[in-house]
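[1] A predicted structure for the sequence below; I have some questions about it.
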Amino acid sequence: MIDAARGLAAWVRDLGMGTSTLSEASKNLSPRTRGLRPTVSVCPYCAVGCSQVVYHRGNRVLSIEGNPDSPINRGTLCPKGAATSSLIDSPLRWRTVRYRAPYSDRWEDRPLDWAMDRIAERVATTREATFVERGEDGCALNHTLAIGHLGGATLDNEENYLIKKLWTGLGIVQVENQARI
Ligand code: SF4
């Protein structure tokens, strides 16, 4: 114990005298975020709401880290939050609409406009065919149980607000979020 204390004291003394025990390679290390612009944001994935620092240059996000000033996560992020930048630049992300026709065994790329028109058409026809104005007891229902909506965890508050307004306005009550599955 005493030897360890003496060793530590000698190490501190050496540091003070400019004879650091750091190697040249260690002395020349610098943070990977040096020179980047930091912007504080919130992890998009779950309701914990961890704060993030997004480091960027120009229009490119180069690193996303936990915000040490946040009382919620104090600089930490879980593995999912730490991989947030892959939302933006992962080569594995699909960037086109993928469609599999009924009974087909393969996926096809389709234009976004085609997909939006098809979804709108199917929602309209399904709602028309299944809309229930009143229950058996005469109570007003004004809903359809034939359509559901599953949102993504990276949708923001404003998007979720609009989605809820749209679907409940059409009488669609099964509105869920992928984060709760
Ligand atoms: S870092 Fe993890 S725990 Fe924190 S908000 Fe994101 S997903 Fe949730």
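    Perfect, thanks for sending it.
[2] From residue 154, how far off is residue 131?
    Residue 131 sits at a distance of 31 Å from residue 154 (criterion: Cβ to Cβ, to the nearest Å). C-beta here means a position set from N, CA and C on the backbone, and glycine is covered the same way.
[3] more neighbours, the two?
    The residue with more neighbours, out of residue 131 and residue 154 and counting by other Cβ atoms under 10 Å, is residue 131; that gives 16 against 13.
[4] Please work out how many residues are found near the residue lying closest to that one once chain neighbours are set aside.
    Leaving aside its sequence neighbours, residue 131 sits nearest to residue 144 (Cβ to Cβ, 6 or more residues apart in numbering; 5.0 Å). Per other Cβ under 10 Å, the neighbour tally for residue 144 reads 20.
[5] Sheet partners, orientation included, of the helix or strand containing residue 144?
    Element membership of residue 144, judged by DSSP states H and E, is strand 140-151. Applying DSSP bridges to the sheet, strand 140-151 is found paired with strand 132-134 (antiparallel), strand 172-177 (parallel).
[6] Whether the last one contacts the ligand - can you check?
    Okay, so that is strand 172-177. No. Strand 172-177 lies out of reach of the ligand by Cβ under 6 Å from any ligand atom, never closer than 13.3 Å.
[7] For that strand, which residues meet the burial criterion?
    By 16 or more other Cβ atoms under 10 Å, the buried positions in strand 172-177 come out as 172, 175.
[8] from the chain's centre, how far out does that strand sit?
    20 Å (Cα atoms, centre = their mean, to the nearest Å).
[9] so where do the strands sit in the protein?
    For the chain, the strands defined by DSSP state E cover 37-42, 51-57, 60-66, 97-99, 108-110, 132-134, 140-151, 172-177.
[10] Residue 74 is nearest to which of the ones you listed?
    Nearest to residue 74 among the strands of the chain is strand 60-66; the distance by Cβ to Cβ comes to 7.5 Å.
[11] that older thread, contacting residues for the residue nearest to residue 131?
    Residues in contact with residue 144 (Cβ atoms under 8 Å, 6 or more residues apart in numbering) are 126-127, 130-132, 170-172.
[12] Out of the residues you listed, which is nearest to the ligand?
    The shortest approach to the ligand among those belongs to residue 172, at 27.6 Å (Cβ to the nearest ligand atom).
[13] Can you tell me the closest non-neighbouring residue to that closest one?
    Once flanking residues are discounted, residue 172 sits nearest to residue 147: 4.9 Å by Cβ to Cβ, 6+ apart.
[14] Okay then, goodbye and thanks.
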